[in-house]
Every structure is written in structure tokens, then in C-alpha cells.
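S.K.: Need a 3D model of the sequence below.
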Amino acid sequence: MDAQQTAALLDLLGRLADRAWNDPAKRGEIQAELLRMLQAGELQTLEPQLAPQSQMADLSRQDALSDSLFKSGWRPYCGWVCGVGLSYQFLLRPLLNGLALGNFPSLEVDTLMTLLFGILGLGVYRTIEKVRR
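M.R.: As a prediction, this is how the structure comes out:
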């Protein structure tokens, strides 16, 4: 881990500690422990575990920059499918069934939620990437 990555990691961990603990004394304790771990080289043991996620993020970044709709458009497409599906399931379907305009079928909400959580998980990882810059 080079000096720039170390500084970015320490900054990110400090921000997480700031948000997680409102008590300044506890926050200081956590930040001091993170600094001690960093200096002792304990955080470097995480680097091999994070390498696959970093490589996946690089691939996702390359896909997003692509001019090909099949590479750069899959994530927005999944987002729209999920959004339309959830809108139908929780807004449109109950309204239409309530107005007695027919018996509209239910969608598999578990599948939609899995897709939603996958997209949101990638969104969180993307936010972490932006914070690093």
C-alpha cells in the first residue's frame, strides 16, 4: 500500500468514525486505534482481501465509460426494470385492483428486492470510490 492509498484509507476510516460515533472521546479512541493499526501494518493484511473488489470496480468503471450501450447501459437498465417493477407492484397494481379494473398479477418481490439491493450495493461501493479521489 503506497503513501497516497494509506492517506486515503486513513481519511475514509476517520470519516466513518466521525459518522458512527457522536461521542468525541469514543471517536478519538477509534481513530487512535486505526492509526495504531495502520502504523503496525495490520491494515495491510486487508489488501489481498480487497483486491478482487478493486479489480471489479475497475472493470465497472471501464464499462461505464464505454460507448457501447451493451456495456455502459446494463446498470441503468437494471435500475429502470427494478423501479418500474416496484412501481407496478406497490402503486399501480393496488390502485387498478382497488378500482376493480381487473385482477392484475403480482410480481415476485423477492427477485426485485434482490436486484435492488445488488444495485444499491454497487452504488455504495461507487460512493466509496468517489470519496477516495
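
S.K.: and stretch 16-26, how far apart are its ends?
M.R.: 13 Å (Cα to Cα, to the nearest Å).

S.K.: what mean pLDDT would you report for that stretch?
M.R.: Regarding stretch 16-26, the rounded mean pLDDT is 71.

S.K.: measure Asp67 to Gly73 for me?
M.R.: Asp67 is 11 Å from Gly73, where distance means Cβ to Cβ, to the nearest Å. Using the backbone N, CA and C atoms, a C-beta is placed for each residue, glycine as well.

S.K.: Ignore what I typed, I meant Arg36.
M.R.: For Arg36, the distance to Gly73 - Cβ to Cβ - is 46 Å.

S.K.: Repeat that for Glu33.
M.R.: 44 Å.

S.K.: And for Val109?
M.R.: Distance, Val109 to Gly73, using Cβ to Cβ: 25 Å.

S.K.: again with Leu12
M.R.: 30 Å.

S.K.: ok, now Val84?
M.R.: Val84 is 15 Å from Gly73, by Cβ to Cβ.

S.K.: and the strand or helix carrying Thr111, average pLDDT?
M.R.: Thr111 belongs to helix 109-132 when assigned by DSSP states H and E. Mean per-residue pLDDT for helix 109-132: 72.

S.K.: Is Pro52 in a helix, a strand, or coil?
M.R.: Secondary structure, DSSP: H, G, I helix; E, B strand; the rest coil: Pro52 is helix.

S.K.: residues near it, how many?
M.R.: 9 (other Cβ atoms under 10 Å).
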